[in-house]
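1. Dropping the sequence and predicted coords here.
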Amino acid sequence: MLTTGFVTGSPNWLDLGTPDIETAKTFYGRLFGWTFASAGPEAGGYGMFQLGGKTAAGGMMVPPEQGPAAWNIYFQSPDADATAEAVRQGGGTVAAEPMDVFDLGRMAVFADPGGVPFSIWQPGKNKGLDLVDSVGSLCWLELYAKDQDASLAFYQGVFGWGTSTMPFPDGSASYVMPYPAGTDPDAMFAGIVPLVTDPTEVDGAYWLPYFQVENCDATVGQADQSGGTVRMAPVDMEGVGRFAKLSDPFGAKFAVMQPEQSASSA
């Protein structure tokens, strides 16, 4: 599962691009207890969503003409320029060339061959998120892919991921779970899902972040009351927990997960 012992190819950051950061602060504050700390005037409005003084995500205002509201996923790279070249060689596109972010690290923005945006973070002084796999923080990812095999081959070519596989109950396809190269399969951090197997996903391929919560149903109710949208009502998955898919008031998609142990005791 996710840890803050980030290695090459592991998710080490995520941030929200939104047309209204003030509304986002309120919405996610109600859901996860986050506060927002500005990175300073030189950061162009960028800031950190924090829980107990620890960073769980980043966020900034993005005008609608620059793109829809969305959560953006970053994977660790030891060399942003080399990763950009690997993306090109693999058939992806470079949307923003590698750039330094002060002395904090180096980043770049890409799209995979299916058009799905993702980013990389080459750590400098900022090593990545302070919180993962705990209440109020990132605990899982899913990639909804137009072509599961092609997407997996691309990311393996860029990051060297290993994978484990779990067939769907109906045998129609498999849930493919990547983990960083050189680590144990227990370090898996995501699932790659063929779009055709999930009728709730009708808007195309994308990366979906999951945040851990204490009570899935209560969080879904709060999201609904706070102007969010319930894209998929809470459901139970044996051996995993209870989860739901949501979007915030501006359409940024995310999911929430109540692990099985806490789900069974709720």
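-> All right, it came through fine.

2. From here on, just use CA atoms for contacts and neighbour counts.
-> Noted.

3. partners of Gln212 in the sheet?
-> Counting by DSSP bridges, Gln212 is bridged to Met257.

4. Surely it and Ala56 touch.
-> No - using Cα atoms under 8 Å, Gln212 is not in contact with Ala56, being 11.2 Å away.

5. Need the overlap of contacts for the two.
-> Common contact partners of Gln212 and Ala56 (Cα atoms under 8 Å, 6 or more residues apart in numbering): Gly136, Ser137, Leu138.

6. Of Gln212 and Ala56, which one has the most company?
-> The neighbour count for Gln212 versus Ala56, taken as other Cα atoms under 10 Å, is higher for Ala56 (26 against 22).

7. Could you pull up phi and psi at the more buried one?
-> Main-chain torsions, Ala56, degrees, to the nearest 10: phi -100, psi -20.

8. Repeat that for Asp248.
-> phi -80, psi -180.

9. what about the residue lying closest to it once chain neighbours are set aside, how many neighbours?
-> Leaving aside its chain neighbours, Asp248 sits nearest to Gly228 (4.4 Å; criterion: Cα to Cα, 6 or more residues apart in numbering). Residues lying near Gly228 (other Cα under 10 Å) number 20.

10. Surely Gly59 is in a helix?
-> No - applying DSSP: H, G, I helix; E, B strand; the rest coil, one finds Gly59 to be strand, outside a helix.

11. what about it, distance to Asn72?
-> From Gly59 across to Asn72, the span is 10 Å (Cα to Cα, to the nearest Å).

12. can you check Ala86 too?
-> Distance, Ala86 to Asn72, using Cα to Cα: 20 Å.

13. neighbour count winner among these two?
-> Remark: of Ala86 and Asn72, Asn72 carries more neighbours, 22 against 17, as counted by other Cα under 10 Å.

14. Three-state assignment for the more buried one, please.
-> Asn72 carries the three-state label strand when classified by three-state DSSP.

15. who touches both of Gly59 and Asn72?
-> The contact lists of Gly59 and Asn72 share Asp15, Leu16, Gly17, where a contact means Cα under 8 Å, 6+ apart.
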